[in-house]
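compute the structure for the input listed below.
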Amino acid sequence: MSETNAPPKIYRLMETRSDARGAIADVLQMARREIRIFDADPKLLKERDLGKPARIELLRNLLLAGRDHKLRIALHDTRGIESELPRLMDLLTQFSGQIQIHRTSGRASEARDSMIIADEAHFWRKLHVDHPRSVLTLHDATDTRPLLDRFEEIWEQSELAVTGSRLGL
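So this is what the prediction gives:
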């Protein structure tokens, strides 16, 4: 796609949780290869509607579209993920080679922003866990690059915490 045919960049500031959930839906729908998620815990992911059937179906379709398609989630605390997000856990069992759920450690444990990134040009970001404001950016690889770098730093300082294996249960 040439620059002249590129979709217009979208930047929006959200003040409410409801607006944020809509923005998250927009970001997830933009994904063609990979979704990266960083947040504090499974309860917040549930509040962001990531356990709802429509969101799980969207993730499933992304993963079915190609073996190299990925979903990576980094959380500070993974306790309760089975009870808060059972549909996501079912998805993990079905696509264990394409989904990874990590728990942060070291300096990454101090991060207080939340983010959902689709591919290399779309993201939703909550600037601080204790504040309601969040930002949506679509079709902007330049603005997304620093967030991708930040996610990768967090990912490098995290460890695999949840698997799709049901062995031992």
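
quick one: buried residues of stretch 53-65?
55-56, 58-60, 62-63 (16 or more other C-beta atoms under 10 Å). The C-beta positions use only the backbone N, C-alpha and C, and glycine is treated the same way.

okay, these in CSV with secondary structure next?
CSV is the format used below for these (DSSP: H, G, I helix; E, B strand; the rest coil):
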residue, secondary structure
55, helix
56, helix
58, helix
59, helix
60, helix
62, helix
63, helix
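
which SS class is the spatially most central residue of the chain?
Against the mean C-alpha coordinate of the chain, by C-alpha atoms, centre = their mean, the closest residue is residue 37 at 2.4 Å. Under the three-state scheme (three-state DSSP), residue 37 adopts strand.

quick one: contacts for residue 85?
42, 45-46, 50-51 (C-beta atoms under 8 Å, 6 or more residues apart in numbering).

which of the buried residues of stretch 53-65 sits closest to residue 5?
residue 62 (24.0 Å; C-beta to C-beta).

so how far is residue 100 from that closest one?
14 Å (C-beta to C-beta, to the nearest Å).

pull the longest helix from the protein.
In the chain, taking DSSP state H as the definition, the longest helix is helix 141-156.

for that helix, buried residues please.
Those buried within helix 141-156 under the rule 16+ other C-beta under 10 Å are 143-144, 147-148, 150-151, 154-155.

cool, stretch 39-57 as well?
Per 16+ other C-beta under 10 Å, stretch 39-57 contains these buried residues: 39-46, 48-51, 55-56.

that one: end-to-end distance?
21 Å (C-alpha to C-alpha, to the nearest Å).

list the contacts of that stretch.
17, 20-21, 24-25, 28, 37, 73-81, 84-88, 90-91, 114-116, 129.

which SS state does residue 130 fall under?
coil.

can you pull out the helices in this protein?
17-30, 42-47, 53-64, 81-84, 86-94, 141-156.

so which of those comes closest to residue 105?
Short answer: helix 141-156, nearest of the helices of the chain by C-beta to C-beta, at 10.1 Å.

packing partners of the closest one?
strand 34-39, strand 70-75, strand 114-118, strand 122-126 (3 or more C-beta pairs under 8 Å, 6 or more residues apart in numbering; DSSP states H and E).
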